[in-house]
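*Asks:* When you get a sec, could you give me coordinates for this:
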Amino acid sequence: MAIPSWNLSGDWFDVCKCNIPCPCIFAQTPSYGECEGVLAYHIKKGLYGEISLDGLNVLVVSYFKGNIWSGNTKANIAVFFDERANGQQRDALNMIFTGKAGGFMAEFAKLIGEVRGVEFAPIKFEVAEDLAYWSAEILGKVIAKGEALTGPMTPPGKRVQTFNPPGSEVGPGTIATWGTAVIDEVNLPEFR
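*Replies:* Got it, this is the predicted structure:
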């Protein structure tokens, strides 16, 4: 059976404890030698074959030591898919985000060591239209918030951004807006 083609576009962010700029997005070793992060995805427009994935969210909790991009280490993860997804959408999200559907996510999936859990949960996702802040939350389990970097030389309404970062969790052609982690809390005792 042929795997349907897929295409997703939307918002993505991660929050971690690294210094700014986060070395991982430049395919380097994390600031403190290990990374504990939250990756949050909001699908504005998405198709898996004929199945619409518009408006759904995915949240990944990740932990690894060393440079994930060097091929010498792998991440342990827990994955949360949007509970609003119906059966077909759940299957589609699982196929895409585990890399089984091919494309960039298949390459990204090679960085995964152990999957320590897959759940369907209510995921609250928010990104300000002007990219001033972003947040994702699963009540009682995960909360991640960031605020855009600004300073005396940042023009009003502009953001500090990097184009085509070599360690992006969403593939080539990415525009990353830089911010600081305001909250990065994970309450998953079984995860670590």
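
*Asks:* From now on I want contacts and neighbour counts done on CA atoms only, so please keep to that.
*Replies:* Fine.

*Asks:* Quick one: list the elements packing against the longest helix out of those in the chain.
*Replies:* Across the chain, the longest stretch assigned as helix under DSSP state H is helix 87-97. Applying 3 or more Cα pairs under 8 Å, 6 or more residues apart in numbering; DSSP states H and E, one finds that helix 87-97 makes contact with strand 51-52, helix 104-109.

*Asks:* switch the cut-off to 10 Å
*Replies:* Here helix 87-97 touches strand 6-15, strand 34-48, strand 51-52, strand 57-65, strand 75-82, helix 104-109, going by 3 or more Cα pairs under 10 Å, 6 or more residues apart in numbering; DSSP states H and E.

*Asks:* partners of the first one, with directions?
*Replies:* Sheet neighbours of strand 6-15, with direction, are listed as strand 34-48 (antiparallel) (DSSP bridges).

*Asks:* How about the fourth one?
*Replies:* Strands adjacent to strand 57-65 in the sheet, as given by DSSP bridges, are strand 34-48 (antiparallel), strand 75-82 (antiparallel).

*Asks:* looking at the helices and strands packed on helix 87-97, which is closest to residue 157?
*Replies:* Taking Cα to Cα, strand 6-15 is the member of these nearest to residue 157, at 18.5 Å.

*Asks:* mean confidence score for that closest one?
*Replies:* When pLDDT is averaged over strand 6-15, the result is 94.

*Asks:* I'd like to know how many residues surround residue 13.
*Replies:* 24 (other Cα atoms under 10 Å).

*Asks:* go on, the one 4 residues further on?
*Replies:* The burial metric for residue 17, expressed as a neighbour count using other Cα under 10 Å, is 17.

*Asks:* ok, residue 83 touching residue 90?
*Replies:* Yes. With contact defined as Cα atoms under 10 Å, residue 83 reaches residue 90; the gap is 8.4 Å.

*Asks:* list residues touching both of the two?
*Replies:* Jointly contacting residue 83 and residue 90 under the rule Cα atoms under 10 Å, 6 or more residues apart in numbering are 56, 120.

*Asks:* What strand or helix carries the residue lying closest to residue 135 once chain neighbours are set aside?
*Replies:* Excluding its sequence neighbours, the residue lying closest to residue 135 (Cα to Cα, 6 or more residues apart in numbering) is residue 145, at 4.2 Å. Remark: residue 145 resides in strand 142-148, with elements defined by DSSP states H and E.

*Asks:* Wait, a helix at residue 25?
*Replies:* Yes. Counting by DSSP: H, G, I helix; E, B strand; the rest coil, residue 25 is part of a helix.

*Asks:* Count the residues that sit near it.
*Replies:* With other Cα under 10 Å as criterion, residue 25 counts 19.

*Asks:* on that earlier part again, looking at the strands paired with strand 57-65, which one is packed in the most?
*Replies:* strand 75-82 (a mean of 21; mean count of other Cα atoms under 10 Å).
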